[in-house]
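Participant: Need coordinates for the following:
(chains A and B)
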Amino acid sequence: MPLTMLQRVANSDPAAVDECLGKYGGLVWSLARRLCPRHEDAEDAVQDIFVEIWRKADKFDPQIASEATYITMIARRRLIDRYRRRRRDLDTASLNEQVVASEAEHERQTEVSDEAALARQHMQQLRPEERRVLELSINQGLSQRQIAETTRLPLGTVKTHARRGLIRLRELLGVESVGQVKGADR
Amino acid sequence: MSNQWQNRECRLMELLADRAVFGLECGEEKQLRRLLQTIPGFDTECMERAAATVLLAFASVEPLPADVRARIRATGMRHLRGPSQGGQLGAGPS
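Facilitator: Modelled structure (predicted):
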């Protein structure tokens, strides 16, 4: 079986580093821009995330997650850590930057779009209230209390919807629950 | 599977889900650590992967700026050289 891109990164293949940047650079950059309104913070975050991805490339297991999911998980974890450290300094400044991507990069980003479409299919299988709570918490970064105020649901109900939705998503991802040590442990 | 085992696993799943979405209080973190000791080898990242799926579902991809990409690439190539030459790819703690 051919090695995955991340397995080749773990084997110190320079072409795989380029491929990783081409395929997932846009995704990681977009995630960083959402949690790091300052351009320079987003740049630092993206570099930090890719170094982490490369360091943990050898932990990637294609049996339990797609590369896009694994990379998004690492990116989210690093961004949350940074956000918690810096949230008092955050402002809403934004910077528009025009960048022309190569055709090859567009193709790679289409692959990420396919992964995103699959993720959306999984999300559609959740109950509407579960989907809403997960969207508000994970995608928009609202706290439990903020979600309760937005949705007019009790605090405990918000937590219940989040738990049930995430546990259902985990089932949809086909993950075994017990007996295996997997992934990029903290 | 005993009820006690199932209850522990259910509580573990709840705590992992809470941690992945909202984070845990100090007492919950302790409870999570205690439960994980009773179920060795549990996949502690399963909920983080599910949370990553949510983020991916809503992702809108914009291109990485070329200058940023070039800097990160240079960093990556330094890391590829390995610890003996100043790099550290794959050498960090997991």
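
Participant: and the longest helix anywhere in chain B, what does it pack onto?
Facilitator: Secondary structure of chain B per DSSP state H: the longest helix is helix B:3-21. In terms of contacts (3 or more CB pairs under 8 Å, 6 or more residues apart in numbering or on different chains; DSSP states H and E), helix B:3-21 is packed against helix A:155-172, helix B:26-38, helix B:46-57. To be clear about C-beta, it is placed using only N, CA and C from the backbone, and glycine gets the same treatment.

Participant: and that helix with helix A:155-172, angle?
Facilitator: Going by axes from the mean of the first three to the mean of the last three CA atoms, to 10 degrees, helix B:3-21 is angled at 100 degrees with respect to helix A:155-172.

Participant: Show me the domain layout of the chain.
Facilitator: Assuming you mean chain A. A:1-89, A:125-174 (automatic domain parsing).

Participant: try again with chain B
Facilitator: Using automatic domain parsing, chain B is parsed into the domains B:3-57, B:60-88.

Participant: Among those domains, show the one with the smallest mean pLDDT.
Facilitator: Among those, domain B:60-88 carries the lowest mean pLDDT, at a mean of 79.

Participant: how about that one, does it reach chain A?
Facilitator: Yes. Counting by CB under 8 Å from any CB of the partner chain, contacts between domain B:60-88 and chain A involve B:60-66, B:68-69, B:71-73, B:75-77, B:79-80, B:82, B:88.

Participant: Centroid-nearest residue for chain A?
Facilitator: Geometric centre of chain A, nearest residue: residue A:72, 2.5 Å, by CA atoms, centre = their mean.

Participant: burial of the residue lying closest to that residue once chain neighbours are set aside, as a residue count?
Facilitator: Closest residue to residue A:72 apart from its sequence neighbours, by CB to CB, 6 or more residues apart in numbering or on different chains: residue B:52 at 4.0 Å. Per other CB atoms under 10 Å in any protein chain shown, the neighbour tally for residue B:52 reads 29.

Participant: Residue B:52 against residue A:73, yeah?
Facilitator: Yes. Between residue B:52 and residue A:73 a contact is recorded at 3.8 Å, counting by CB atoms under 8 Å.
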